[in-house]
Each structure stands twice: as structure tokens, then as C-alpha cells.
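J.: Could you look at this predicted model? Sequence included:
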Amino acid sequence: MSSPSHVAETPITDRNELVATLASGEKPKAQWRIGTEHEKFGFRLDDLRPPTFDGDRGIEALLNGLTRFGWDPVQEDGRTIALLRDNASVTLEPAGQLELSGAAVETIHQTCVETGTHLNEVAQVAGELQLGFLGMGFQPKWTRDEMPWMPKGRYKIMREYMPKVGTLGLDMMTRTCTVQVNLDYATEADMVKKFRVSLALQPIATALFADSPFTEGAPNGYQSYRSHIWTDTDNDRTGMLDFVFEDGFGYERYVDYLLDVPMYFSYRDGKYNDASGQSFRDFMVGKLPVLPGQLPTLRDWSDHMTTAFPEVRLKKYLEMRGADAGPWSRLCALPAFWVGLLYDDAALDAAWDLVRDFSLVERNVLRDGVPKHGLKLPFRNGTVLDLSREALKIAVAGLKRRAARNADGQDESKFLEVLQEIVDSGLTPADRKLALFHGEWGGNIDPVFKEFAY
């Protein structure tokens, strides 16, 4: 989740300005970039509990420790709540999950180096504080009540609002972690095609990266419980966005969707004003109850765009939001998967051919069934594993044609080897952890914090 945006405080007076904001994301292919974000759970090495914000071993101490590597602190009410460096940021999720929002880079090689550098820096500081970090989609041991809360104004507003609109929103905030990639588009038509392909194939990414099979120390019956949680978080701002596949979809239709998403807040003069459940349309005409007579700014709009949580999100780029967090190799594999599918013209055409005849019902069957059944979910005359195999083949070919090579002459397809192993075995990361839990771990979840820590 985002910190306050850094967009100019320019007043918005017309809906067309909102449309223009999305259109301003258009870039020629030579300027397309890759932005990778990932979250991870912190834990104390002695008792495995999540660290609080305060204290000698708290999250703020970790953030302050990271400043030795050239990160600049960002403060809210005098407390360090984020870091900035070279167009990248380190931020906090509601329960202290640590997120790297990487810089926009040209190749998967670069984003993987960036991720590895970040994990090494975190490991150095965390080791001094006797902390560890784990990449999974859902907190495997601790209850919702045992998770700490970070002192960020937007999270206080969301914490109070979430129980009014769903039963799992607080779990989403405190007990989930994801990896996502942000990708560019050239034109409105290019955006539409990429949006449709990535939305239809998002359940495939969910299945391949499924890694959240435990809740409070026991199997929960899901491959990706993180993905399931979004089905009962807040239906006003989540889901598959069926309208994306309707004729005439484009920037204007997405703006209308966002205008109908209830607000959370407006950030003014260093303060979060609680606008939960209120209408951005009312804000546009100076009738927002919490700020009567005031008009929104482009910063308000930028903030509001971050409070919609569909499977794929459009800002000035497209965000792929369907995957569980995981180890370093899969943090590199997620951007490689989507770049392979979307940044090569032949691959994009092939991916569209794969999904273009999916019906609305089929797309939602995939979305709703994959969290529980993963690669084994039946689909048409086969399973999601068959779909995954085809999608991965397209992505590999796309990356080979991109031919972005490292110093050793390797192209980016090498980052998909970890997914190829999953497809070849038919076993997801969740399957492998469940086998360990029922086998050598003897029904004890605690070893996951040692064996799978960064």
C-alpha cells in the first residue's frame, strides 16, 4: 500500500483531466520499463513473533538502520515510516510487512540485482536486531490479533472501515504479502489489449506462485489463501473487472469505475482526513462531507487510484497483482513472466489468442477456484496446469525474442526456470510446504521461519 503521493497539488475541475492522467502514461516501446514491488514478513529470531514498530528491535529501528546504505528517511508525525533512494522506496504495510517498490528499470537482470541488493541490506541490519524476514503470501503462524499495527494515518482509517464492507479486510492488511510488477503501454489500444490478457491470465500467476497454505499454524485448505482473502475484503474495489472485456473499454470507462470506488481519505496539510465511504464524484463538485467546499487535487486523485484493489490495476501503468510473495528466485520470476507475455508483440498476440474466447463465467471460475485448487483446478478439457504450461511457453519465447542479455550472454528467460520446474512437477510452492509440514516438520509450522527465510 502506498504512502502519500508526490503529485502536484493541482486542482481538478473536469473529468477529462482524470482521463488525461491515464493517457499521460503512454510511452513508446523504447521507453517501456519494469517496476517490481515485493513485501515480506518480519519476525524475531527468538520467538518468531512479528516485530512491533517501536523498540530497539522494532521496524522503525530497522528503517533507521537501512539509512546507512544511502536511503533517505520519510517521516510522519516525527516517526520514520518509509525510505527513498534512487527512485525506489521502502515502505510499510499495516502490520509492518516491509515492501520494496523498485525503480523503473530496463531489464529483468536489473530488477533482480536491485531485489538482491535490497535483501542483502535488510539482512545485514535485521541480523544486528535479531530479526529475520520470510516471503510467503500469508502469515503462517500468528493470529490477526497478534499482529502489530504501524502508526500510519491511512491505515487507521482503513482499519476502522474494513469491517464494515467485508470479513477478511483486516487479514488482507495485516497478514498478507505479495509480489507485483508494473508495466507500461504505448497507446490506449495497447493498454486495453494488455489489460485484457493480464486480467484473464492473472489466475495463472496466482496458481504458479501459490504459497499461502497455512493459517495460525495449520493447513487452511487453500493453495493461495492470500488470493482468497480478496474475495471478501471489499467488493466495491476488488475483483476481475468484467467491464474491461466489454466493447468500448478504455481510459474513460476506467475513470468512471474509479469514481464509483468509495474513498478512504484525503491527505491535506500533513493530515489524513477520514472520507471513508464517501464519493469522489461529490468531491469533484465541492460536496465532500469531510472537506465541504473544497475541490480535489491531482494528488487526491493519485491517492484515490491506489485504493482500488482489482486483480490488475491501471494507473499510469498496469499493475499485476495476483501473486503470493516468495523467495528471491520467484521475486525475479514474476516480472519475467509478465514481461515475456506483454512486452513482445508476438507473445502478446499469442497470449490473447489463448484467452480471447474465455467467457465471463470462465474467467470468474478461474479467479474463484484457483485460490483453493491451484494448478489442479479443472478448466475445459484440462486443468489450470495445462493453461500454465501454455502461458509459460509463450513467456519464454517472448523473453528470448527480447534478447536482453546479461554480461554472461544469458537472456531473461533464465528467470523463468523456477516456474518451469513448477509446471514440470505439477507442484506449487504451497504443495511443497504442505509436504514438509506433514512430513519432516511433524505438523509444526515453526521450521518454515528457518528454512525459508531470506
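T.: Happy to help now that I have it.
J.: elements contacting the longest strand along the chain?
T.: Ranked by residue count and defined by DSSP state E, the top strand of the chain is strand 34-44. Packing partners of strand 34-44 (3 or more C-beta pairs under 8 Å, 6 or more residues apart in numbering; DSSP states H and E): strand 98-101, helix 108-128, strand 131-134, strand 178-183, helix 328-342. In short, each C-beta sits where N, CA and C put it, glycine included.
J.: could you redo those as a markdown table and give each row distance to Asp260 and mean neighbour count?
T.: Formatted as a markdown table, the helices and strands packed on strand 34-44 follow (distance: least, C-beta to C-beta, whole Å; neighbours: other C-beta atoms under 10 Å):
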| stretch | distance to Asp260 | mean neighbour count |
| --- | --- | --- |
| strand 98-101 | 27 | 22 |
| helix 108-128 | 34 | 18 |
| strand 131-134 | 37 | 22 |
| strand 178-183 | 23 | 24 |
| helix 328-342 | 27 | 26 |
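J.: among those, which is nearest Gly270?
T.: With C-beta to C-beta, the closest approach to Gly270 among these belongs to strand 98-101: 21.5 Å.
J.: Pull up the pairing partners for that closest one, direction included.
T.: Using DSSP bridges, the strands paired with strand 98-101 in its sheet are strand 34-44 (antiparallel), strand 88-92 (antiparallel).
J.: outside of that strand, which residues touch it?
T.: For strand 98-101, contacts defined as C-beta atoms under 8 Å, 6 or more residues apart in numbering pick out 35-40, 42, 59, 62, 88-93, 114-115, 118, 122, 133.
J.: Need the buried ones from the residues you listed selected in PyMOL.
T.: Selection command for PyMOL covering only the buried members of the contacts of strand 98-101, criterion 16 or more other C-beta atoms under 10 Å:
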select buried, resi 35+36+37+38+39+40+42+59+62+88+89+90+91+92+93+114+115+118+122+133
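J.: so where's the stretch 1-150 of the chain shaky on pLDDT?
T.: Within the stretch 1-150 of the chain, the stretches with pLDDT under 70 are 1-8.
J.: And the residue lying farthest from the centre of the chain, how far from Lys193?
T.: Distance from the C-alpha centroid of the chain, by C-alpha atoms, centre = their mean, peaks at Gly293 (35.0 Å). As for Gly293, its distance to Lys193 is 42 Å (criterion: C-beta to C-beta, to the nearest Å).
J.: and what of Thr306?
T.: To Lys193, Thr306 is 24 Å away according to C-beta to C-beta.
J.: How about Arg367?
T.: Counting by C-beta to C-beta, the gap from Arg367 to Lys193 is 20 Å.
J.: Look at those two and report which has more neighbours.
T.: Set Arg367 next to Lys193 and count neighbours by other C-beta atoms under 10 Å: Arg367 wins out with 21 against 18.
J.: The helix or strand that one falls within - contacts with which helices or strands?
T.: Per DSSP states H and E: Arg367 is located in helix 360-373. Counting by 3+ C-beta pairs under 8 Å, 6+ apart, the packing neighbours recorded for helix 360-373 are helix 188-208, helix 225-229, strand 378-379, helix 384-402.
J.: so how far is stretch 440-454 off the chain centroid?
T.: Relative to its chain's centre, stretch 440-454 lies at 25 Å (C-alpha atoms, centre = their mean, to the nearest Å).
J.: do stretch 252-259 as well
T.: Chain-centre distance of stretch 252-259: 21 Å, with C-alpha atoms, centre = their mean.
J.: quick one: average pLDDT of that stretch?
T.: For stretch 252-259, mean pLDDT is 98.
J.: try stretch 181-197
T.: On average, the pLDDT along stretch 181-197 is 98.
J.: What is the end-to-end distance of it?
T.: Criterion C-alpha to C-alpha, to the nearest Å; first-to-last residue distance in stretch 181-197 is 15 Å.
J.: What are the boundaries of the strands in the stretch 151-300 of the chain?
T.: 178-183, 214-215, 218-219, 238-239, 265-268, 271-274 (DSSP state E, counting those that start in this stretch).
J.: Just name the most buried of those strands.
T.: Greatest average neighbour count among those goes to strand 178-183 (a mean of 24), per mean count of other C-beta atoms under 10 Å.
J.: Quick one: residues in contact with it.
T.: Contacts for strand 178-183 (C-beta under 8 Å, 6+ apart): 32, 34-39, 104, 135, 137, 194, 209, 226, 315, 317-321, 323-326, 330-331, 334-335, 338-339, 342-343.
J.: List the buried residues for stretch 153-160?
T.: Neighbour-count burial for stretch 153-160 flags 153-158 (criterion: 16+ other C-beta under 10 Å).
J.: picking that back up, what inclination does the longest strand of the chain have with respect to helix 108-128?
T.: Following axes from the mean of the first three to the mean of the last three C-alpha atoms, to 10 degrees, one obtains 20 degrees for the angle between strand 34-44 and helix 108-128.
J.: Please renumber the chain so that the first residue is 34 from this point on.
T.: Understood, numbering begins at 34; the last thing we discussed is strand 67-77.
J.: List the contacts of the residue nearest to Glu161 when sequence neighbours are not counted.
T.: Residue nearest to Glu161 in three dimensions, not counting chain neighbours: Gly98, with 6.9 Å by C-beta to C-beta, 6 or more residues apart in numbering. With contact taken as C-beta under 8 Å, 6+ apart, Gly98 is in contact with 158, 161-162.
J.: where's Gly98 relative to Asp79, distance?
T.: As judged by C-beta to C-beta, Gly98 and Asp79 stand 18 Å apart.
J.: for Thr69, same thing?
T.: Separation of Thr69 from Asp79 (C-beta to C-beta): 32 Å.
J.: again with Glu445
T.: Noted for Glu445: a distance of 40 Å to Asp79, by C-beta to C-beta.
J.: which of those two has more neighbours?
T.: Shown here are Glu445 and Asp79; by other C-beta under 10 Å, Glu445 has more neighbours (28 against 9).
J.: Neighbours of the nearest residue to Val403 once chain neighbours are set aside, how many?
T.: Distances taken as C-beta to C-beta, 6+ apart put Pro236 closest to Val403, at 4.3 Å, once the chain neighbours are dropped. Close neighbours of Pro236, defined as other C-beta under 10 Å, add up to 29.
J.: residues in contact with Pro236?
T.: Pro236 makes contact with 355, 399-400, 402-403, 417, according to C-beta under 8 Å, 6+ apart.
J.: what's the closest of those to Lys483?
T.: Proximity of the contacts of Pro236 to Lys483, judged by C-beta to C-beta, is greatest for Gly355, which lies at 28.2 Å.
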